[in-house]
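> I need the structure of the sequence given here:
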Amino acid sequence: MKKLIALLLALVLVFALCACGNGGKTDEPAGSAGETDAADTADFKVGFICLHDENSTYDLNFINAAKAACEDLGVDYVIRTNIDETEACYDAAAELADAGCNVVFADSFGHEDFLIQAAKEFPDVQFCHSTGTKAHTEGLDNYHNAFASIYEGRYLAGIAAGLKLNEMIEAGDFTADEAKIGYVGAYTYAEVISGYTAFFLGARSVCPTATMEVTFTGSWYDEAAEKEAANKLINDGCKLISQHADSMGAPTACEAAGVPNVSYNGSTIEACPNTFIVSSRIDWAPYYKYVITSVMNGEGIDVDWTGDLATGSVVLTDVNEQVAAEGTIAAIEEAKAALEAGTVHVFDTAAFTVDGVTLDSYEADVDTDPDYTPDTEVVSDGYFHESESRSAPYFDLRIDGITLLDEQY
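The predicted structure is shown next:
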């Protein structure tokens with residue numbers, strides 16, 4: 001009997017030790033994306049504030065990333081759409097915080113001041129803002145900015161555009177000195193200037209005679225205005241159109257006119273199969289997952305985060321080989337490898353001039369103030385260091401070869 005009791009006690013001890021040693025958790029290090037305790041995710045909620053809804057290619061890109069990140073991590077989420085850059089943004093942020101959201105994201109430049117207002121009122125909630133500029137000067141523990149080096153994606157898309165121009169020149173569609181690109185922009189802001197300049201430099205890297213005309217609509221999303229702007233550029237002799245505006249206006253104008261198009265924030269191949277070439281976009285899912293898992297694990301968040309090609313934050317859609325020039329995919333991959341290796345820089349000062357002069361110094365407005373005062377030297381080692389001193393773009397130079405038909409602020 002004593003031996004039986006001893007054996008039973010030993011078995012109980014073994015089971016107890018096994019239970020204590022497991023605890024239902026993995027041995028993976030904290031902070032890895034997706035590695036969170038199920039109990040934590042059950043009580044975690046994320047809020048998203050979008051300027052427009054799914055009809056805007058810009059906002060749809062954010063919405064898709066939000067759903068992908070949250071569903072992958074198994075967390076609850078709420079998406080508020082059509083929130084203007086007004087007090088409505090503060091109201092939405094406060095409502096999401098009151099509803100138990102641990103993190104609130106907003107997606108438009110004009111949301112920033114209202115999100116900062118909410119961050120000051122709800123110190124226990126983390127507020128993260130895409131495209132903003134003030135986190136590194138506000139000094140709030142719970143307010144953060146993020147962007148990505150999308151100028152690299154636009155440069156790669158520009159290579160596809162330049163190769164298409166070359167193909168049309170070789171086919172006799174027009175002469176080399178007629179290789180003019182049209183670009184539909186929303187506003188004459190640094191973000192748009194940085195983007196269209198990067199696109200142009202990508203095109204010029206393979207089609208050195210290319211020039212560009214840019215027109216602005218004065219709105220991030222206005223389908224009628226964007227279509228009208230694209231038609232104006234086409235009628236002015238532009239042989240290929242790209243854009244930094246958020247509707248299908250320009251792509252559908254190109255499809256109707258039979259003019260090649262490089263879109264933004266997603267493929268338009270279904271609606272424009274005969275003219276769509278490629279599109280660049282920021283994939284926000286890596287940033288969302290980084291922030292959510294950091295907050296869950298009690299870790300800090302970068303005040304000013306910049307995603308890039310290596311983080312999977314800058315991506316291109318599949319190339320439409322029915323429209324793109326032969327060799328486009330290989331050329332993009334070669335240039336992408338060079339960008340990642342640091343052997344090619346988008347804003348290499350040897351690749352452009354300003355009023356006929358090669359740039360060797362430039363102070364950008366990085367610490368934004370009401371007067372947009374230049375405050376930071378950003379040219380060194382032979383190139384303009386975009387998005388290294390702050391995540392949001394600050395390249396605002398007017399380089400030779402690009403003509404602005406108008407301006408909108």
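
> any idea what the residue nearest the centre of the chain is bridged to?
Nearest residue to the geometric centre of the chain (CA atoms, centre = their mean): residue 282, 3.1 Å. For residue 282, the beta-bridge partners are residue 314 (DSSP bridges).

> what sits against it?
For residue 282, the contacting residues are 61, 147-148, 150, 153, 307, 313-315, by CB atoms under 8 Å, 6 or more residues apart in numbering. (Each C-beta comes from the backbone N, C-alpha and C, glycine too.)

> look up how far residue 307 lies from it.
Residue 282 sits 7 Å away from residue 307, going by CB to CB, to the nearest Å.

> so what sits against both of these two?
Counting by CB under 8 Å, 6+ apart, the common neighbours of residue 282 and residue 307 are 147-148, 313-314.

> can I get those residues in JSON lines including pLDDT, distance to residue 362 and neighbour count?
Shown next, in JSON lines, are the shared contacts of residue 282 and residue 307 (pLDDT from 0 to 100; distance: CB to CB, whole Å; neighbours: other CB atoms under 10 Å):
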{"residue": "147", "pLDDT": "98", "distance to residue 362": "20", "neighbour count": "24"}
{"residue": "148", "pLDDT": "98", "distance to residue 362": "22", "neighbour count": "26"}
{"residue": "313", "pLDDT": "98", "distance to residue 362": "26", "neighbour count": "26"}
{"residue": "314", "pLDDT": "98", "distance to residue 362": "23", "neighbour count": "24"}
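
> tell me the one of the contacts of residue 282 nearest residue 82?
residue 61 (15.9 Å; CB to CB).

> my read: that closest one touches residue 284, true?
Yes: Residue 61 lies in contact with residue 284 (CB atoms under 8 Å); the separation is 7.2 Å.

> which stretches of the stretch 1-150 of the chain have low pLDDT?
Applying pLDDT under 70 to the stretch 1-150 of the chain flags the ranges 1-40.

> what segments of it are strands?
With DSSP state E, counting those that start in this stretch applied, the stretch 1-150 of the chain shows strands at 45-49, 76-80, 103-106, 126-130, 143-148, listed in chain order.

> export the ones you listed as TSV, with columns for distance to residue 277.
Below are the strands of the stretch 1-150 of the chain laid out as TSV (distance: least, CB to CB, whole Å):
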stretch	distance to residue 277
strand 45-49	30
strand 76-80	31
strand 103-106	31
strand 126-130	26
strand 143-148	21
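
> tell me the most buried of those?
Counting by mean count of other CB atoms under 10 Å, strand 103-106 has the highest mean neighbour count of the strands of the stretch 1-150 of the chain, with a mean of 29.

> helices or strands up against it?
Here strand 103-106 touches strand 45-49, helix 87-98, helix 112-121, strand 126-130, helix 285-296, going by 3 or more CB pairs under 8 Å, 6 or more residues apart in numbering; DSSP states H and E.

> for residue 232, find the nearest of the ones you listed.
Ranking the helices and strands packed on strand 103-106 by proximity to residue 232 (CB to CB) places strand 126-130 first, at 30.1 Å.

> could you tell me the angle between the closest one and strand 45-49?
Put simply, strand 126-130 runs at 30 degrees to strand 45-49, going by axes from the mean of the first three to the mean of the last three CA atoms, to 10 degrees.

> what angle separates strand 126-130 from helix 87-98?
Inter-element angle recorded for strand 126-130 and helix 87-98: 140 degrees (by the same axes, to 10 degrees).

> same for strand 126-130, what does it pack against?
By 3+ CB pairs under 8 Å, 6+ apart, strand 126-130 packs against strand 103-106, helix 112-121, strand 143-148, helix 285-296.

> name the surrounding residues that touch the shortest one.
With CB under 8 Å, 6+ apart as the test, strand 103-106 has contacts from 46-49, 66, 83, 89, 93, 96-97, 112, 115, 118, 125-130, 288, 291-292, 295.

> partner strands of it, with direction?
Strand 103-106 pairs in its sheet with strand 45-49 (parallel), strand 126-130 (parallel), by DSSP bridges.

> also the third one?
For strand 143-148, the paired strands and their directions (DSSP bridges) are strand 126-130 (parallel), strand 304-307 (parallel).

> residues making contact with the longest one?
Spelled out, that is strand 126-130. With contact meaning CB under 8 Å, 6+ apart, strand 126-130 is reached by 62, 93, 102-108, 111-112, 115-116, 118-119, 135, 142-147, 284, 287, 291, 295, 301.

> same question, the last one
The set of residues that contact strand 304-307 without belonging to it, under CB under 8 Å, 6+ apart, is 135-136, 144-149, 282-283, 286-287, 290, 313-314, 387-388, 390-391.

> rewinding a little: columns distance to residue 257 on top of the helices and strands packed on strand 126-130, output as TSV?
TSV is the format used below for the helices and strands packed on strand 126-130 (distance: least, CB to CB, whole Å):
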stretch	distance to residue 257
strand 103-106	36
helix 112-121	38
strand 143-148	32
helix 285-296	35
